[in-house]
Structures are given as C-alpha cells and as structure tokens.
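Visitor: compute the structure for the input listed below.
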Amino acid sequence: MSDIYIGRQPIYNRKLHVHAYELLFRAASDNSANFTDGDQATTDVIVNTFLEIGLDKIVGKHLAFINLTRAFFVGERSISLPRDRVVLELLEDIDADDEVIAGVKRLSEQGYTIALDDFIYHESLQPLVSLADMVKIDVMTLDHDEIRAHVSTLRQHPLRLVAEKVETQEELDFCMGLGFDYFQGYFFAQPKVIRGQRLPNNRLAILKLLSRLQDPGITPQQIEELIVQDVAFSYRILRYVNSASLALPRKIESIHQAVVMLGVQTIKSWTTLLAMSQVDNKPAELVVTAMVRGKMAEGLAKAMNAAQPDSFFTVGLFSALDALMDNSMEEILTQLPLAEHISAALLHRRGIHGDVLDCALAYERGQWETLGCSQLGTHKIRDCYLEAVQWAEDACRQLLED
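Guide: Modelled structure (predicted):
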C-alpha cells in the first residue's frame, strides 16, 4: 500500500467550537497544494476521504467542506456523497454561466449544502447567491469597508457567512462584530495533514465497476461494453449461460445475445458477482458467503411474495462488501448509487429488505432466538438457506472457477 494525504483545516462557530473541516488536496506531507489538474485533485480528495482513510477518521462527526471544480457542478464528473455530511464549495474561478447555475441548482435540489468560496459580490453572481446556503469571504482580499458592504448585501438573503483567512485577533473581533457565523484561518490553525494508506488499485477498480453496474440509468449496451472490456468476464459469462444448468434452447455466442436471452438484471447480477470474486488477497469463501446471503434473501422474499426479489439478492450480496473492501459500509455506500431502501437495509437493517437480511444473517450465525421472518416458519427458512448453499456451490463451479 502507498501513502496518501489529505489537508484538513477547521472552521469554527461563534463560540469558537469546531463546526466543520475544509478538506484540501495534498500530494505529500509538506502541507502544500501542488497540482496541475483541478479535476483530478478534487477526485483524489473525495476518493482518499471516503474510500481510503474514511470520513469519520478525518472529520469525526463534523461536516466536511469539499472544493469542487466546474466539471463536478455541470455533471461531467459525478458525485455520490452523503448529503448530511458534506458542504460543496463552488470555487471562485468558476464562471457563473447558465450551465454552472443549472448544476448548482440541481445539486441543491438533491439536498446538498452549497457554499460560494472566496466570494466577491457582483450582480452577475446574484443567481448563485440565491441558490447558495453559505458564502465564504476572504478577509485578506477586501478592506473593512468592502467587507461591511458585502455583509450588508448578503444579509438580504438567508445565508450563513464564513470569514476565511482570519489571521489576527483584530480581524476575528472585526468579523465577530459584523455577525459572521463561522471563522477559518491561520489565526486558529494551519491545515493539518492527515496521512493514510491507499487501497490496492484492484479494489478501487472493482468499486468503480460496481458503481457503474448499480447505476439505475445504465443501458444494456453499456453493460455489454463493460463486460467485453474484460476477456475473463466475457469468457465466464458465456461459459455460464451455455452451461447445462440453464438449459437454453441454443448456444449463446456473444455477450449481446446473453443480455437479450437472460435480461439486463440477470447479467448485472452475474457481472457483479464476478467483480466481487476478483478482489485481491481475500478468501474465496467470503464471496461464497455473500452469494449464499444474496440467494437466501431472494428466496425468503419470494416466499413472502415481496416485490422485486432481485433487489433482496443485491442486499444479501452486498452485505459482505465491507469485509471484502476493508472499509466501513457507510464509506463504501458513498460510492455506490443504490436505491435508498437498499442502502438503509445495509446500513441500518431498515424496511422489509433489512428484516430479510437480518433473518439471513441470524440463520447463518445460528442465532435462532433472533430469527426473523417468523411468518414463514423455521422449515421454510431452513429450505431457503439450504437451496442458497447448493446454488452458491453450483454457481462457483460454473462461473467462478478457472
């Protein structure tokens, strides 16, 4: 594993308690932001925070302010971050054109908190001011009269104001007197560099693939393209669909035919399974465990006549992702665009999906006193488990073995 770094600078409230941390790109421990590609720097901050080190290890239970480049606001690069944990900062050098304004509006409507960074007011920026939740004013750039004018103008909107680059007691007192809500700068603390270790590239690549596969907007053609990029995937999928267990009327000779014959959801499930099986340095039995959980959850859902039993398969299968990726489920789910009810089941065991997953896990662990799905009876639950074990063994032999 290689070392990775994140800069972290606290943001204080009026009681001078830490309210949040701004996260900053760092390529090494020397506490300087040296980069040439802003999009990549932002991506590195997000990946290092949420997938490598872990948000809670960096900011605890506080908010995280993250600088985003234009590409993230206009949708050229996607984000999937916990809305209640982050503040998205629009950098001062981004032109407020129609595309950017539309992007800020879209993210705001999705529930993200928006902050305007290093803000200097101009009438052309009024649409952004109307959409933003917070404005950060660089007190080193403006003189006192200009800061007063900015505060007076911005207080006409329901905004919270952050005084940034506060470096002296005098500047803090001045900004306190103007009613700023939050304060940031070297007067309080220089950015602290947090060091962590990067996950092997293999696991990051697999998470990216899983993210693509779980995108509800993915098309059959895009699934085909994902599979054919990997010769091993293509070979194993075709070997499986032509196996005796499926007993298809004719031989399938291409991934396109497989998608047409078996359907998008089936192909997505098998490709997901294959991706999880290729995580480096993890025992194959862990993937088998995930497969059993997925198939058992699906079987229980069918027995209960629940809608979309394939979604229960996803919940059971992904319940082992934290062990596979050596990361918390909360951090992993920031990068997977799963439906809310599936995420809630995985994180908090909520809803019918959470109840079914609880039942599968209790049976797996022999915790009979906490066994759910009581309406099915213990015999039916046992049958679902045994059928899942047999299915997983057959599937491993046909799909995962070299």
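Visitor: can you map out the strands along the stretch 51-200 of the chain?
Guide: 63-68, 86-90, 113-116, 134-138, 160-164, 182-184, 192-197 (DSSP state E, counting those that start in this stretch).
Visitor: of all these, which one is nearest Leu347?
Guide: Distance to Leu347, taken as C-beta to C-beta, is lowest for strand 86-90 among the strands of the stretch 51-200 of the chain, at 16.9 Å. (C-beta placed from N, C-alpha, C; glycine too.)
Visitor: name the helices or strands packed onto that closest one?
Guide: With contacts taken as 3 or more C-beta pairs under 8 Å, 6 or more residues apart in numbering; DSSP states H and E, strand 86-90 sits against strand 63-68, helix 98-109, strand 113-116.
Visitor: circling back: including mean neighbour count, distance to Glu330 and mean pLDDT, could the strands of the stretch 51-200 of the chain go into JSON lines?
Guide: Shown next, in JSON lines, are the strands of the stretch 51-200 of the chain (neighbours: other C-beta atoms under 10 Å; distance: least, C-beta to C-beta, whole Å; pLDDT from 0 to 100):
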{"stretch": "strand 63-68", "mean neighbour count": "22", "distance to Glu330": "13", "mean pLDDT": "93"}
{"stretch": "strand 86-90", "mean neighbour count": "23", "distance to Glu330": "13", "mean pLDDT": "94"}
{"stretch": "strand 113-116", "mean neighbour count": "22", "distance to Glu330": "19", "mean pLDDT": "95"}
{"stretch": "strand 134-138", "mean neighbour count": "23", "distance to Glu330": "24", "mean pLDDT": "94"}
{"stretch": "strand 160-164", "mean neighbour count": "23", "distance to Glu330": "26", "mean pLDDT": "96"}
{"stretch": "strand 182-184", "mean neighbour count": "23", "distance to Glu330": "26", "mean pLDDT": "95"}
{"stretch": "strand 192-197", "mean neighbour count": "15", "distance to Glu330": "16", "mean pLDDT": "70"}
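Visitor: quick check: phi and psi on Ala96?
Guide: In this entry, Ala96 is assigned phi and psi values of phi -90, psi 60 (degrees, to the nearest 10).
Visitor: could you look up the SS state of Arg8?
Guide: Put simply, Arg8 is strand when judged by DSSP: H, G, I helix; E, B strand; the rest coil.
Visitor: can you get me a residue count around it?
Guide: 20 (other C-beta atoms under 10 Å).
Visitor: distance of it relative to Glu146?
Guide: 29 Å (C-beta to C-beta, to the nearest Å).
Visitor: can you check Val100 too?
Guide: 24 Å.
Visitor: neighbour count winner among those two?
Guide: Val100 (17 against 14).
Visitor: ok, that one - contacts?
Guide: By C-beta atoms under 8 Å, 6 or more residues apart in numbering, the contact set of Val100 is Arg70, Phe73, Val74, Leu90, Ile94, Leu128.
Visitor: touching, Cys359 and Gln375? I think so.
Guide: No: using C-beta atoms under 8 Å, Cys359 makes no contact with Gln375, being 10.7 Å away.
Visitor: the more surrounded of these two?
Guide: Taking other C-beta under 10 Å, Cys359 and Gln375 do not tie; Cys359 has more neighbours (23 against 8).
Visitor: and the more buried one, what element?
Guide: Secondary structure from DSSP states H and E places Cys359 in helix 351-365.
Visitor: list the helices and strands that helix packs on?
Guide: helix 284-303, helix 309-318, helix 340-348, helix 378-395.
Visitor: let's see it as PDB, backbone CA atoms only.
Guide: What follows is helix 351-365, C-alpha atoms only, in PDB (Å, rounded to 0.1, in the frame of the first residue of the first chain):
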ATOM      1  CA  GLY A 351     -37.600  -1.900   6.000                       C
ATOM      2  CA  ILE A 352     -38.500  -5.300   4.600                       C
ATOM      3  CA  HIS A 353     -35.100  -5.600   3.000                       C
ATOM      4  CA  GLY A 354     -33.400  -5.000   6.300                       C
ATOM      5  CA  ASP A 355     -35.700  -7.600   8.000                       C
ATOM      6  CA  VAL A 356     -34.900 -10.200   5.400                       C
ATOM      7  CA  LEU A 357     -31.200  -9.500   5.600                       C
ATOM      8  CA  ASP A 358     -31.400  -9.800   9.400                       C
ATOM      9  CA  CYS A 359     -33.100 -13.200   9.100                       C
ATOM     10  CA  ALA A 360     -30.500 -14.500   6.700                       C
ATOM     11  CA  LEU A 361     -27.600 -13.300   8.900                       C
ATOM     12  CA  ALA A 362     -29.200 -14.700  12.000                       C
ATOM     13  CA  TYR A 363     -29.600 -18.100  10.400                       C
ATOM     14  CA  GLU A 364     -26.100 -18.000   9.000                       C
ATOM     15  CA  ARG A 365     -24.800 -17.400  12.600                       C
END
